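In: Below is the sequence, then the predicted model.
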Amino acid sequence: MPSKTATSGSRLDVRKTYKLFIGGKFPRSESGRSYVVSDARGHFLANAAAASRKDARDAVAAARKAFPAWSGVTAYNRGQVLYRVAEVLEGRRDQFVAEVASGEGTTSARAAHAVDMAVDRLVWYAGWADKVAQVVGSTNPVAGPYFDFSVPEPTGVVAVLAPQESSLLGLVSVIAPVIVTGNTVVVAASRDRPLPAITLSEVLATSDVPGGVVNILTGSVGETAPWLASHMDVNGIDLTGAAGDTEHAVELELAAVENLKRVRRAPATEPDWTGDPGLGRLTQFLETKTVWHPIGL
Amino acid sequence: MSFQYAPAPESRAVLDLKSSYGLFIDGEFVDGSGQAFKSVSPATEEVLAEISEASEADIDRAVAAARRAYTRVWSKMPGAERAKYLYRIARIVQERSRELAVLESLDNGKPIREARDVDVPLLAAHFFYYAGWADKLQYAGFGPKPKPLGVAAQVIPWNFPLLMLAWKVAPALAAGNTVVLKPAETTSLTALAFADICQQADLPPGVVNIVTGAGETGRALVSHPGVDKVAFTGSTEVGKAIARAVAGTSKSVTLELGGKAANILFDDAPIDQAVEGIVNGIFFNQGHVCCAGSRLLVQESVYDDVLLRLKRRMATLRIGDPLDKNTDVGAINSSEQLARIRELSQVGVSEGAERWSAPCELPDRGFWFAPTIFTGVTQAHRIAREEIFGPVLSVLTFRTPLEAVEKANNTPYGLSAGVWTDKGSRILWMANQLRAGVVWANTFNRFDPTSPFGGYKESGYGREGGRHGLEAYLAQ
């Protein structure tokens, strides 16, 4: 946040350094680069880390490392962890309201509404953790003496291009449905409005979310996204953050073909995040596994 | 002890083969404007018929017919009426089951026993199953008013021509879409027989269109701008080309691609049953199965015993005339496929694996490959990594369950896997750890219209079968 100049009788603010979030740690970009983040009126807010190709790869490695444990814990446990994220986010409400308001150039009241919705969305998705398998799984009445059932399983490591405009509500709305089912993610945050994403990573780091489950990169999406789209150890990619940039989205979709990533295509314009999220994002990065076993004496 | 079997050939008299076949567009059989090609019996190299090749202009007409039928008829028809058409098709398939089985065996090279007992019954079962969904879509869990996508372009392979047609056409029609389907160029005949069934069922013209041809025809179909949905079963390589072709469009895509399934045998498994499962897993349909158990992982402590029994069992397999009712393993579908199987087997030998083939006499004419296993295979060998799509099994070993999982998952594919053990908790643990879309425990190669099928990773995306299979044909 903009700080006051020290004058007699007042105290000089201690500013925060905004860094990346990889494997549960807060590194600077290995490239040593940063870029200026301004508020909606063009005033200086912070120098954020400009993530590089190497940072993207490190984030993928961290996400892969975290996948077996995160996908292996019980759904009940994942639900509680997500609920905990909501609790901790709520505790930082004022900070998020200030960051959203300055970054998005909106009133405090509107920003507060967005923050409240973000908390509520986390709670909503937290509750899905131990229900989605009952809604999309099945036992299958095959014509033979077999017990046959289908269960949803997480796709793996998912790259998420976060919305460019909705810096907290949109961000939470694209991360929560992907991780609640057991995937781990690498998020390319909004380039121009990255501060809520970085503060969210502090929330995640103190909410029992294991390191590496969520990794957040700041900087130019145009620079990191191609490496995520073509990375052979990324299993899925959500192109929501490329909304409206058809050319870039098509390039990323083509790059994703190399290992047949599951692709959520970019919408024409950024969605309205205030509506009912539906099941689309929750089921986008799920695989269906069918298991057969004979029945007999 | 070995038994002698007298020949028991199924009669071809039930067939009324024509010398040439056209395309099926807008409810009529019409000549294609491309270069005609021949369909041969892989067991004898006998030319069965000439098949029209669909040109781009033909594809245009087929897609336009499908669009008209979609807009004017099929999407407006109450689900209950669509259902009755599908039920009618299922019944006609059952009525004509002998003819379809003989034609499938003749054109594809698969044993008549398999075409008769697996392919054709499952074809009918898929239409019965999806018929019942047509008027219940609002209860399928895809929203209160699910909508069809429009015109579906469907490209299917040659290994299960009728069954793959059923997997594609039945859910598409049930959901209210119309289709343009391209069968594989070596196995067009049963798709055209299915077109005749559509006529007998009085299916409205344009709801099902069938265009024959090879890769070019398929490319023109999936990249046609008038298509809303692309569904493909085939190789991972072509699947990727299709994914590229639709990038940047609004077409939705499902891909069911290659596999390199591990069939994992623990030392506590009932060995004789497991050996039957291994044989079924890799030699069923000449190994032309995307989910074939082509990598056998045997626990070291029972390796010698399993190998002995496996070879003994393989020596009793009867290879030969697909139309003979005693035949276990039929002909390789084409000379191209035979060349690929031979090439990869040669690579297996030159990379140091030990080859053993079942002792059997192969016919002089036609395309044949004896059931073969390779031992001493390592994970780096090409025969352990690449899909051979033939009757060739690579045998590897493991010591611990963790090692088995590690090896089973060490592949870019993820279509299926098999587990053989008597321990229930281990079955469920293994099923949980294996990154594959279908896990068969103490069985293998089972298929059912109610059971979702499809891959993880580079084996593709989307599911076919069951309630899940509707999702690919409905707008969310």
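Out: Okay, I see it.

In: How about the residues of chain B by chain A?
Out: B:125, B:141, B:236, B:239-240, B:243-244, B:247-248, B:255, B:257, B:412, B:427, B:431, B:436-443, B:446, B:448, B:450-454, B:456-458, B:460-461, B:463, B:466-468, B:476 (Cβ under 8 Å from any Cβ of the partner chain). For glycine as for every other residue, the C-beta is placed from the backbone atoms N, C-alpha and C.

In: Which of those residues fall in helices?
Out: With DSSP state H as the criterion, helices contain B:125, B:236, B:239-240, B:243-244, B:427, B:431 from among these.

In: are any of those buried, and which?
Out: If you count burial by 16 or more other Cβ atoms under 10 Å in any protein chain shown, the buried members of those come out as B:125, B:236, B:239-240, B:243, B:427, B:431.

In: Make TSV from those and add distance to residue B:368 to it.
Out: Output for those, formatted as TSV (distance: Cβ to Cβ, whole Å):
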residue	distance to residue B:368
B:125	31
B:236	26
B:239	29
B:240	31
B:243	35
B:427	37
B:431	36
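
In: check which helix or strand covers whichever residue of the stretch 151-297 of chain A sits closest to chain B.
Out: Across the stretch 151-297 of chain A, the shortest distance to chain B (Cβ to the nearest Cβ) belongs to residue A:250, at 3.6 Å. Element membership of residue A:250, judged by DSSP states H and E, is helix A:246-256.

In: What is that helix packed up against?
Out: helix A:221-230 (3 or more Cβ pairs under 8 Å, 6 or more residues apart in numbering or on different chains; DSSP states H and E).

In: which of the residues in the helix holding residue A:250 are buried?
Out: A:248-256.

In: Out of those, which is nearest to residue A:129?
Out: Using Cβ to Cβ, residue A:256 comes nearest to residue A:129 of the buried residues of helix A:246-256, at 26.9 Å.

In: out of everything not next to it in sequence, what's closest to residue A:205?
Out: Distances taken as Cβ to Cβ, 6 or more residues apart in numbering or on different chains place residue A:24 nearest to residue A:205, at 6.2 Å, with adjacent residues excluded.

In: and what of residue B:192?
Out: residue B:21 (5.1 Å).

In: what bridges to the one you found?
Out: Under the criterion DSSP bridges, residue B:21 forms beta bridges with residue B:51.

In: mind checking how far it is from chain A?
Out: Distance of residue B:21 to chain A, computed by Cβ to the nearest Cβ, to the nearest Å: 33 Å.

In: what's the answer for residue B:88, then?
Out: 21 Å.

In: Can you verify residue B:212 is assigned to a strand?
Out: No. Under DSSP: H, G, I helix; E, B strand; the rest coil, residue B:212 sits outside any strand and is assigned coil.

In: Could you check what's spatially nearest to the closest residue to chain A within the stretch 251-400 of chain B, not counting adjacent residues?
Out: Nearest residue of the stretch 251-400 of chain B to chain A, counting by Cβ to the nearest Cβ: residue B:255, 7.1 Å away. Of all residues not flanking residue B:255 in the chain, residue B:460 sits nearest, at 3.6 Å (Cβ to Cβ, 6+ apart).

In: got it, and residue B:38?
Out: That would be residue B:47: by Cβ to Cβ, 6+ apart, it lies 5.0 Å from residue B:38.

In: So in terms of bridging, what pairs with that neighbour?
Out: Beta-bridge partners recorded for residue B:47 (DSSP bridges): residue B:40.

In: Contact partners for it?
Out: B:38-40 (Cβ atoms under 8 Å, 6 or more residues apart in numbering or on different chains).

In: pLDDT at residue A:4, what is it?
Out: We note a pLDDT of 50 for residue A:4 in this prediction.

In: meant to ask about residue A:9
Out: At residue A:9, pLDDT is 73.

In: got the residue ranges for the strands in the stretch 1-150 of chain A?
Out: Applying DSSP state E, counting those that start in this stretch to the stretch 1-150 of chain A gives strands spanning A:34-38, A:44-49, A:138-139, A:146-154.

In: for the longest one, packing partners?
Out: Helices and strands touching strand A:146-154, by 3+ Cβ pairs under 8 Å, 6+ apart, are helix A:53-72, helix A:132-136, strand A:138-139, strand A:286-294.

In: Report how many residues lie close to the residue lying closest to residue B:434 once chain neighbours are set aside.
Out: Nearest residue to residue B:434, sequence neighbours excluded (Cβ to Cβ, 6+ apart): residue B:417, at 4.4 Å. By other Cβ atoms under 10 Å in any protein chain shown, the residues close to residue B:417 number 31.

In: Flag the shaky bits of the stretch 1-150 of chain B, pLDDT-wise.
Out: Applying pLDDT under 70 to the stretch 1-150 of chain B flags residues B:1-3.

In: try the stretch 151-297 of chain A
Out: Applying pLDDT under 70 to the stretch 151-297 of chain A picks out no residues at all.

In: So which bits of it are right by chain B?
Out: A:155, A:235, A:246, A:249-250, A:253-254, A:257-260, A:262, A:278, A:280, A:287-294.

In: Could you check which residue of the stretch 301-450 of chain B lies nearest chain A?
Out: residue B:448 (3.8 Å).

In: contacting residues for the residue of the stretch 1-150 of chain A found nearest chain B?
Out: For the stretch 1-150 of chain A and chain B, the shortest gap (Cβ to the nearest Cβ) falls at residue A:142, measuring 3.8 Å. For residue A:142, the contact set (Cβ under 8 Å, 6+ apart) comprises A:148, A:292, B:446, B:448, B:450-451.

In: thinking again about what came up before, for chain A, see how far away the residue nearest to residue B:38 is.
Out: To chain A, residue B:47 is 38 Å away according to Cβ to the nearest Cβ.

In: Could you pull up the residues touching residue B:378?
Out: B:384, B:396.

In: Run a quick neighbour tally on residue B:205.
Out: Neighbours around residue B:205, by other Cβ under 10 Å: 18.

In: CA atoms only for stretch A:177-192, dumped as CSV, please.
Out: Presented in CSV, the C-alpha positions along stretch A:177-192 are these (Å, rounded to 0.1, in the frame of the first residue of the first chain):
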residue,chain,number,x,y,z
PRO,A,177,-12.7,-26.0,-7.7
VAL,A,178,-9.5,-27.4,-9.1
ILE,A,179,-7.7,-28.1,-5.8
VAL,A,180,-10.8,-29.3,-3.8
THR,A,181,-10.9,-32.4,-5.9
GLY,A,182,-7.2,-33.2,-5.3
ASN,A,183,-5.4,-31.5,-8.2
THR,A,184,-2.4,-29.3,-7.5
VAL,A,185,-2.1,-26.0,-9.4
VAL,A,186,0.3,-23.5,-10.9
VAL,A,187,-1.5,-20.2,-11.1
ALA,A,188,-0.5,-17.3,-13.4
ALA,A,189,-2.0,-14.4,-11.5
SER,A,190,-3.5,-11.2,-13.1
ARG,A,191,-0.6,-9.3,-14.5
ASP,A,192,-1.9,-5.8,-13.6
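
In: hang on, the earlier thing: the residue nearest to residue B:192 contacts residue B:212, doesn't it?
Out: Yes. Contact criterion Cβ atoms under 8 Å: residue B:21 and residue B:212 qualify, at 7.4 Å.
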